[in-house]
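[1] sharing a model prediction with you, sequence too.
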Amino acid sequence: MKKSSNSEEPTFIHADDVKSATEGLGNDVTETRLPQRAYQIIRLAVRNLYLPPGKMILEREMAEGLQMSRTPVREALVRLQTEGMIEVIPRRGFIIKAIAKEDLQEIYEIVEALDGLAAEMVTEKISGKELERLEELVTFQEEALHEKNLSKWARLDDKFHTDIINSAGNLRLSSVIETHADQIFRARLFTIENRPLPFRSIIEHKAILSCMRAQDKNAARMLMQSHRKRARNEILEAL
């Protein structure tokens, strides 16, 4: 499927493309209740740009693609609209929302602060085994870059940050960041081929982990915030 511009007029994705975009995603979803299952599958398709920004999809064709009735799909679409991923068009379907610079700026301002807080909290209690696992992730990221597999690098980058946030052990902090995680991941994927290769990100990840190993929580927080700010500026420039 051709990748759309982030700002072009909405065009339709038809049933065959919907089926192609969502094919196999159900294997990653363990939820059996149909509205929740539809939500998870469509969310994954939007997050990974299989359903790209600016595309319009009929509710009926989405239901056909997911092999469900329209009722659970409609419930899933309402939920996704509240999360800012799509815009529901009554009695028709929905549009995958564009990645707006203004939205992303606001999201990153929140995430930068909370990611820094998470790094500070984790530094105080991270175990040697957890550090080794994060260092292994950075090694995998380097390998993905050398393979020029940028989508793999992006998934590993997402896991690196998610693991640090989860290790902080603060459910409310995790919940706030999780609310915005899909938008950040989508923007990262959308711009990845228009930004410098992320070798600098690898260096910054290593520096953050060095601060954690040295139990310097203030340095870990500042480096994490600086890392997120630099990434944000690169993404906004590429949009």
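    Perfect, thanks for sending it. Numbers count the residues shown, from 1 in each chain.
[2] every contact and neighbour count from this point should use C-alpha atoms.
    Will do.
[3] how does the chain divide up, domain by domain?
    12-96, 101-238 (the TED database).
[4] least confident of those domains, on average?
    When the domains of the chain are compared on mean pLDDT, domain 12-96 scores lowest, with a mean of 90.
[5] next, name the residue at the spatial heart of this protein.
    F185 (2.4 Å; C-alpha atoms, centre = their mean).
[6] and that one, that's in a helix?
    Yes - counting by DSSP: H, G, I helix; E, B strand; the rest coil, F185 falls inside a helix.
[7] mind checking how far the residue of the chain most remote from its centre is from A207?
    Distance from the centre of the chain peaks at A214, with 29.7 Å (C-alpha atoms, centre = their mean). Distance, A214 to A207, using C-alpha to C-alpha, to the nearest Å: 11 Å.
[8] can you check G116 too?
    In terms of C-alpha to C-alpha, G116 sits 14 Å off from A207.
[9] overlap in contacts of the two?
    The contact sets of G116 and A207 overlap at L223 (C-alpha atoms under 8 Å, 6 or more residues apart in numbering).
[10] neighbour count: those two, which is higher?
    Ranked by neighbour count (other C-alpha atoms under 10 Å), G116 and A207 place G116 first, with 24 against 16.
[11] surely the more buried one and M224 touch.
    Yes - with contact defined as C-alpha atoms under 8 Å, G116 reaches M224; the gap is 5.2 Å.
[12] so what's the residue nearest to T71 when sequence neighbours are not counted up against?
    In this structure, T71 finds its nearest non-sequential neighbour in P35, 7.9 Å apart by C-alpha to C-alpha, 6 or more residues apart in numbering. P35 is in contact with 71-73, 75-76, counting by C-alpha under 8 Å, 6+ apart.
[13] go again with 6 Å.
    Applying C-alpha atoms under 6 Å, 6 or more residues apart in numbering to P35 gives the contacts 72, 75-76.
[14] need the next SSE after the helix or strand that contains it, C-terminal direction.
    In this structure, P35 sits in helix 34-47 according to DSSP states H and E. Per DSSP H and E, helix 34-47 leads on to strand 55-58 as the next helix or strand towards the C-terminus.
[15] just the CA trace of the next helix or strand after that following strand, in PDB.
    Next along the chain after strand 55-58, taking DSSP H and E as the criterion, comes helix 59-66. C-alpha atoms of helix 59-66 as PDB (Å, rounded to 0.1, in the frame of the first residue of the first chain):
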ATOM      1  CA  GLU A  59     -17.300   1.200   8.600                       C
ATOM      2  CA  ARG A  60     -18.900  -1.600   6.500                       C
ATOM      3  CA  GLU A  61     -15.600  -2.400   4.800                       C
ATOM      4  CA  MET A  62     -13.700  -2.400   8.100                       C
ATOM      5  CA  ALA A  63     -16.200  -4.800   9.500                       C
ATOM      6  CA  GLU A  64     -15.800  -7.100   6.500                       C
ATOM      7  CA  GLY A  65     -12.000  -6.900   6.900                       C
ATOM      8  CA  LEU A  66     -12.200  -8.000  10.500                       C
END
